[in-house]
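Student: What follows is a predicted protein model with its sequence.
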Amino acid sequence: MASLAEYFAANRYAGKYNIGDRIIGQWNKIPFVGTVGNDSVVNELEGPRISVHLDLPIVVDGVVHNFIKVKHKDVRILKELVL
């Protein structure tokens, strides 16, 4: 009988990003830079998504967003921030 660790390693989603990774991307066509909070699958219909803690808040329709959830296709790793 396999252990639970072996079962989950073989059958469940393994995240592409680690907690604390710096990423850059677009959310609702708005560019952002932030830090990965979590990379997981909540359900099979939505698929994997990344929770992001934003460096700067985004305001959409008068609502301030400091934390967003995005798909992997909308982000990439931030290698270097050039100012």
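Tutor: Sure thing, it's come through. Numbering: from 1, shown residues only.
Student: For the chain, which segments are assigned as helices?
Tutor: Taking DSSP state H as the test, the helices found in the chain are 4-11.
Student: Give me the most central residue, it.
Tutor: Ile50 (1.9 Å; CA atoms, centre = their mean).
Student: Can you verify my assumption that that residue contacts Lys73?
Tutor: No - counting by CB atoms under 8 Å, Ile50 stays clear of Lys73, with 10.6 Å between them. In short, each C-beta sits where N, CA and C put it, glycine included.
Student: can you pull the contacts of the residue nearest to Leu54 when sequence neighbours are not counted?
Tutor: Excluding its sequence neighbours, the residue lying closest to Leu54 (CB to CB, 6 or more residues apart in numbering) is Gly34, at 4.4 Å. Listed by CB atoms under 8 Å, 6 or more residues apart in numbering, the contact set of Gly34 reads 22-23, 52-55, 68.
Student: When you filter the residues you listed down to buried only, what's left?
Tutor: Buried members of these, counted by 16 or more other CB atoms under 10 Å: 23, 52, 54, 68.
Student: where along the protein do the strands fall?
Tutor: With DSSP state E, the ranges of strands along the chain come out as 22-27, 30-41, 48-60, 63-70, 75-77.
Student: And those strands: which comes nearest Ala9?
Tutor: Closest to Ala9 of the strands of the chain, according to CB to CB: strand 30-41, at 14.7 Å.
Student: Neighbouring strands of the closest one in the sheet, and parallel or not?
Tutor: In its sheet, strand 30-41 lies beside strand 22-27 (antiparallel), strand 48-60 (antiparallel), with partners assigned from DSSP bridges.
Student: Contacts for the first one, please.
Tutor: It stands for strand 22-27. The contact list for strand 22-27 (CB under 8 Å, 6+ apart) reads 17, 31-36, 50, 52, 58, 68, 70, 74-78, 81.
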